[in-house]
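# no sequence on this one, just coordinates:
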């Protein structure tokens, strides 16, 4: 299966040029960078098929990204994923505000309930715990 991905990568590099052939070069498109990273990680993990190189074998995890290569073919799905990535800074800002609000509520609750829930009366303890 990987051989198809290798062939596709090589054909695209030959057709578009790798980096120095203008704006249409292979490595200038973010989706092609993803493709190249996946193909390169698969190639390195296949070459380094030695037990002493466990760090390089961990690159096999990047094979999980192979389904993302299909996004390059489907224009609507590619647009949805690109929109999601473009909205990440706004989502991170909202997440920061939310964590700040939770932090403030935590300080307020520590101030209001400080020691108030620490003790209990003997009448409310279950029979087995006396």
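Nice, thanks for sending it over. Every value quoted in this text rests on a predicted model; they were computed, and no experiment measured them.

# low pLDDT regions in the chain?
Flagging of the chain using pLDDT under 70 yields the residue ranges 1, 48-64, 66, 69, 72, 115, 117-130.

# which residue lies nearest the spatial centre of the chain?
residue 65 (9.7 Å; C-alpha atoms, centre = their mean).

# how far away is it from residue 108?
43 Å (C-beta to C-beta, to the nearest Å). The way it works is simple: take the backbone N, C-alpha and C, and place the C-beta from them, glycine included.

# residue 88 too?
In terms of C-beta to C-beta, residue 88 sits 30 Å off from residue 108.

# equivalent analysis for residue 21, please.
For residue 21, the distance to residue 108 - C-beta to C-beta - is 60 Å.

# which one of those two has more residues nearby?
residue 21 (14 against 10; other C-beta atoms under 10 Å).

# now the more buried one: phi and psi?
When read as degrees, to the nearest 10, the backbone of residue 21 gives phi -110, psi 30.

# over to residue 101?
phi -60, psi -40.
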